[in-house]
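> what's the 3D shape of this:
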Amino acid sequence: MKDLATLLERPKHIRVLGLDDAPFQHQRGTPVHFAGVVCETTRMEGLLWGEITKDGDDATRVLLETIQRSKFHDQLHVVLLDGIAMGGFNVIDLALMAQSLARPCIAVMRKQPDLARVMAALDHFDDAERRRRLIRNAGPIHHEDPFYFQVQGCAPAIAARVLAKLTDVGKVPEALRLAHLIGGAVKTGESGKRA
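Numbers count the residues shown, from 1 in each chain. Next comes the predicted model:
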């Protein structure tokens, strides 16, 4: 498996998986579906679908199981997540994902999050400190215009270059944009506005 720095230096495609949750009910404990889109750089090649729990603690485990048992696992160079949590506050262990998959994992954000507000909102959970620790362990939030991201498994400078290569237009890599559109369409009958 070639590393991302090597792939960036050659005219090679990068095989990426973008994961985003679909629209969900706001009641804690309800099911939340997610879409995973596999792209060769910006061209869609495959699709994954799964389910986690709203505000639960199963996102990391379910995502890892979904990826590792998929036919795409051995082909992937990098995994992108739409933020560090899915289904509300089901926080992802980014470091564990990168280590378990032996691939860089990048949590991409559309704007600088208000971390103080996020950390305060976690007071509503019995395991608030565990969730805070997962957010902190994901690493600092980097800003390489137009991207905000946390990364495990490669250097931030490499991650920024990879995000730029995986983005067709705008601020969102194509695999994440498609995952968002597909999740919205499957759950509501049509894709949403923000992609």
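> quick check: the gap between Leu63 and Asp123.
Separation of Leu63 from Asp123 (CB to CB, to the nearest Å): 25 Å. Bear in mind the C-beta positions are built from the backbone N, C-alpha and C, glycine included.
> more neighbours: the two, which one.
Each of Leu63 and Asp123 has its neighbours counted (other CB atoms under 10 Å); Leu63 has more, 27 against 8.
> I'd like the distance from the helix or strand containing that one to the chain centre, please.
Using DSSP states H and E, Leu63 sits within helix 59-68. From the chain centre to the centre of helix 59-68 is a distance of 12 Å (CA atoms, centre = their mean, to the nearest Å).
> which helices and strands does that helix pack with?
Using 3 or more CB pairs under 8 Å, 6 or more residues apart in numbering; DSSP states H and E as the contact criterion, the elements in contact with helix 59-68 are strand 31-40, strand 43-53, helix 94-101.
> straight-line length of stretch 104-120, end to end?
29 Å (CA to CA, to the nearest Å).
> now do the lowest-mean-pLDDT helix or strand in the chain: everything it contacts.
When each helix and strand of the chain is scored by mean pLDDT, DSSP states H and E, helix 4-9 comes last, with a mean of 81. Applying CB atoms under 8 Å, 6 or more residues apart in numbering, the contact partners of helix 4-9 are 13-14, 77-78, 104, 154-155, 158-159, 161-162, 165.
> flag every buried residue along it.
For helix 4-9, the neighbour count (16 or more other CB atoms under 10 Å) marks 4, 7 as buried.
> off-centre distance for it?
21 Å.
> tell me what the following helix or strand past it is packed against?
Using DSSP H and E, the helix or strand that follows helix 4-9 in sequence is strand 15-21. When contacts are defined as 3+ CB pairs under 8 Å, 6+ apart, strand 15-21 packs onto strand 31-40, strand 43-53, strand 78-82, strand 85-86, helix 174-188.
> where does pLDDT dip in the protein?
Scanning the chain with the threshold set as pLDDT under 70 gives 1-2, 11, 188, 190, 192-195.
> bridged to the spatially most central residue of it, which residues?
Taking CA atoms, centre = their mean as the criterion, Leu81 is the residue nearest the geometric centre of the chain, at 0.5 Å. Listed beta-bridge partners, Leu81: Leu19, Ala107 (assigned using DSSP bridges).
> try the one 4 residues further on
Beta-bridge pairing of Ala85 under DSSP bridges involves Val91.
> that one and Asp126: what is the separation?
17 Å.
> what of Leu101?
In terms of CB to CB, Leu101 sits 29 Å off from Asp126.
> among these two, which residue is more densely surrounded?
Set Leu101 next to Asp126 and count neighbours by other CB under 10 Å: Leu101 wins out with 19 against 6.
> residues contacting the more buried one?
With contacts defined as CB under 8 Å, 6+ apart, the neighbours of Leu101 are 64, 67-68, 73, 76, 79.
> kindly recompute the last result at 7 Å.
Counting by CB atoms under 7 Å, 6 or more residues apart in numbering, Leu101 touches 67, 79.
> distance of it from His73?
Leu101 is 8 Å from His73, by CB to CB.
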